[in-house]
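*Asks:* Predicted model and sequence follow; I will ask about them next.
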Amino acid sequence: MFDLRVRQAHRGRGLGAAAVTWLTRYLFTELPGIRRIEGTTRQDNHAMRAVFRRCGYAKEAHYRQAWPGPDGKVYDSVGYAILRSDWLAGTVTPPHWDDEG
Ligand SMILES: CC(C)(COP(=O)(O)OP(=O)(O)OC[C@H]1O[C@@H](n2cnc3c(N)ncnc32)[C@H](O)[C@@H]1OP(=O)(O)O)[C@@H](O)C(=O)NCCC(=O)NCCS
């Protein structure tokens, strides 16, 4: 589990993506037993969602009304993850969503 916050004045300059890329490599290298790394953010956090995509994470969960905001509204939250196998291959494998037919 990790939490990431870039100081306002330094946002939008690639630091978020650089941090997640570094963290991903660090975890997969230092912890050979882990198969996946997960992250969750609020649905309307477009910057963090872009960071996940940029770093090879796939969206694999959507939790409706799961994130009570400080404004009294309840937001959806979304979950992303990267697989070691994808990280090694340089691929992004989305979940097989259409599996109920
Ligand atoms: C989310 C956060 C860590 C991103 O860090 P950052 O250094 O600003 O992000 P980057 O500069 O690496 O940008 C990465 C991508 O996000 C996009 N992005 C950045 N700010 C954005 C915004 N406000 N809206 C939409 N996309 C945005 C960039 O265009 C880039 O997309 P690309 O890879 O398609 O070009 C940073 O904005 C932050 O600290 N936010 C407040 C705390 C927070 O929300 N943390 C996450 C909690 S889960």
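*Replies:* That came through fine. Owing to the predicted nature of the structure, the values given are computational and were not obtained by experimental measurement.
*Asks:* Give me the pLDDT value at the residue of the chain found nearest the ligand.
*Replies:* Of all residues in the chain, the one sitting closest to the ligand is Gly16 (2.2 Å; Cβ to the nearest ligand atom). The way it works is simple: take the backbone N, C-alpha and C, and place the C-beta from them, glycine included. Looking at Gly16, its pLDDT is 98.
*Asks:* cool, Asp71 as well?
*Replies:* 96.
*Asks:* tell me the contacts of Gln65?
*Replies:* Applying Cβ atoms under 8 Å, 6 or more residues apart in numbering, we find Gln65 in contact with 74-76.
*Asks:* Give me the buried positions along whichever strand or helix holds it.
*Replies:* Using DSSP states H and E, Gln65 sits in strand 58-68. For strand 58-68, a neighbour-count test (16 or more other Cβ atoms under 10 Å) marks 58-60, 66-67 as buried.
*Asks:* Send me it as PDB with only the CA atoms.
*Replies:* Extracted in PDB, the C-alpha atoms of strand 58-68 (Å, rounded to 0.1, in the frame of the first residue of the first chain):
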ATOM      1  CA  ALA A  58      -4.600  -1.500 -15.600                       C
ATOM      2  CA  LYS A  59      -7.900  -0.500 -14.200                       C
ATOM      3  CA  GLU A  60      -9.400  -3.700 -12.600                       C
ATOM      4  CA  ALA A  61     -11.900  -2.400 -10.000                       C
ATOM      5  CA  HIS A  62     -14.700   0.100  -9.800                       C
ATOM      6  CA  TYR A  63     -16.300   0.600  -6.400                       C
ATOM      7  CA  ARG A  64     -19.500   2.700  -6.500                       C
ATOM      8  CA  GLN A  65     -20.200   5.200  -3.700                       C
ATOM      9  CA  ALA A  66     -17.200   3.900  -1.800                       C
ATOM     10  CA  TRP A  67     -15.300   7.100  -1.000                       C
ATOM     11  CA  PRO A  68     -17.000   9.600   1.200                       C
END
